[in-house]
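>>> sequence and predicted model, in that order:
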Amino acid sequence: NQPFVQGAAVLAHSIWKNSFENSFSGSKYGHALYAFVHPDAVHCSDPLSSLGFQILVRDTPINVTEIKGKFLREHVVKSGCCGEKEY
């Protein structure tokens, strides 16, 4: 069980609870769940699909070499487990 699945489940439930699909919410808006997944992580995305997320496979949204600030450019690749792929 991947650790991110529990967080995604809580997020999905919270979104549902606040949408018009839940008659007690009082909302007039529906909901949709989207997960942006890096091509290297597609093999991990089945649990998100099971929770109702639509999987959108996308490359890393930033090019580290174009970051102007030296500190961020040098440290973003070391952040978290996946560096710049998490942004």
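That came through fine.
>>> tell me which residue is most central in the chain.
residue 35 (4.6 Å; CA atoms, centre = their mean).
>>> who are the packing partners of the helix or strand that that residue is a member of?
Assigned by DSSP states H and E, residue 35 belongs to strand 34-37. Packed against strand 34-37, as judged by 3 or more CB pairs under 8 Å, 6 or more residues apart in numbering; DSSP states H and E, are the following elements: strand 54-57. In this view, the C-beta of every residue, glycine as well, is placed from N, C-alpha and C.
>>> circling back: what's across from the residue nearest to the centre of the chain in the sheet?
On the basis of DSSP bridges, residue 35 is bridged to residue 55.
>>> longest single helix anywhere in this structure?
The longest helix of the chain (DSSP state H) is helix 4-17.
>>> which strands and helices sit next to that helix?
helix 46-50.
>>> try it again at 7 Å.
Packing contacts for helix 4-17, counted by 3 or more CB pairs under 7 Å, 6 or more residues apart in numbering; DSSP states H and E, involve no helix or strand.
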